[in-house]
Structures are given as structure tokens and as C-alpha cells.
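Enquirer: I would like to see how this sequence folds:
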Amino acid sequence: MTSKIRKSVLFVCMGNICRSPAAEGVFRKLVVDAGRDHEFQIDSAGTHGYHVGHPPDSRMLAAARARGYLLDSQARRLEPADFDRFGLIVAMDDDNFDNIRALHPGAGAEVVRMCDFRDQRSETEVPDPYYGGAAGFEQVLDILEDACANLLRQV
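Expert: Numbers count the residues shown, from 1 in each chain. All right, here's what the predicted structure looks like:
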């Protein structure tokens, strides 16, 4: 009897209300559409606890919903146990990558950058849209759609 090992991916940004829940929603939809949802554990977290327990930002919810993505997570903070629970931790930008690496115990999850999976390498980070306008949320989704599609092809 063979057991299937679930692939586990954790998306991480600073507050876990914009970029990482959007990445979680985009990736989850791609996985479901590919008929592979039984293979994956998918979640998101933040390196800071500013918004713990809150839903995703309403502007990100609206932009994601318009593209057919459901963002239904609640913000939580990255915790040490995540390095054992997840095989892959995906940082949205360099600051969060560095913060994650500083917490990394040296074993467990592989820590990577979201933009490492982009076909179009014009951006090296997923920009934080929190203090900007609607176009910033659309730009984040454009980046995530490209990167998440490539991530799914690679795992």
C-alpha cells in the first residue's frame, strides 16, 4: 500500500492581509482547477502580528473576487512549527524573506521567494499594495497568477 505525501506550501508577507492570502487564493484555485487539491496543504501567514484574526484587506478581496478567487483565510503570524508543517515557505519580498530566514531553524521547510517562479522577471518582489490604490492590488494579482502557475508546474 502506498501513501500519498501531501505537498505543503505556506505563503508569507508582512501582515497576512494582502499579498500572502491572495497568493494562497490564487494557488488554491489553480490546484483545484488542475484536479490536484488532494495533493496539497496550502496556507498563508505574516511575519508580523499586526492583523492576527482579521480577514484579508477589503480591497484585495474585491480585486481577487473580480478574477474568480476566494480569499477566506484569517491573518495569522508565522510560527516556529510552520518550519516543520510546511515543505515550502514562499516569501513575497526580500524583507520578509530575510525575516523568515532569521527564524528558520536550519531544518525543515525550504524558504524561497515568490518572484523566483515568475516567467517575466521584471519584478523581483511582490510589491505591498496596502498604501496604494486599486492598481497596486491588480499588479499583485498579475504577478501572483504568473508565479503561482509556474510554482504549480514545478511541485
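Enquirer: only C-alpha atoms from now on, for both contacts and neighbour counts.
Expert: Will do.
Enquirer: all helices of this structure, in order?
Expert: For the chain, the helices defined by DSSP state H occupy 19-33, 58-66, 82-85, 94-103, 134-154.
Enquirer: and of these, who's closest to Phe40?
Expert: With distances scored as C-alpha to C-alpha, the stretch of those nearest to Phe40 is helix 19-33 (7.9 Å).
Enquirer: that closest one: which residues count as buried?
Expert: For helix 19-33, the neighbour count (16 or more other C-alpha atoms under 10 Å) marks 19-31 as buried.
Enquirer: where does pLDDT dip in this structure?
Expert: 1-5 (pLDDT under 70).
Enquirer: and if we set it to 80?
Expert: 1-6, 105, 107, 120-122 (pLDDT under 80).
Enquirer: would you confirm that Tyr130 contacts Cys18?
Expert: Yes: under the criterion of C-alpha atoms under 8 Å, Tyr130 makes contact with Cys18 at 7.1 Å.
Enquirer: so these two - more neighbours on which side?
Expert: Cys18 (25 against 16; other C-alpha atoms under 10 Å).
Enquirer: tell me the contacts of that one?
Expert: Pro56, Asp57, Met60, Asp128, Pro129, Tyr130 (C-alpha atoms under 8 Å, 6 or more residues apart in numbering).
Enquirer: tell me, how many residues neighbour Arg121?
Expert: Neighbours around Arg121, by other C-alpha under 10 Å: 12.
Enquirer: now it, nearest residue through space, not along the chain?
Expert: Cys115 (7.3 Å; C-alpha to C-alpha, 6 or more residues apart in numbering).
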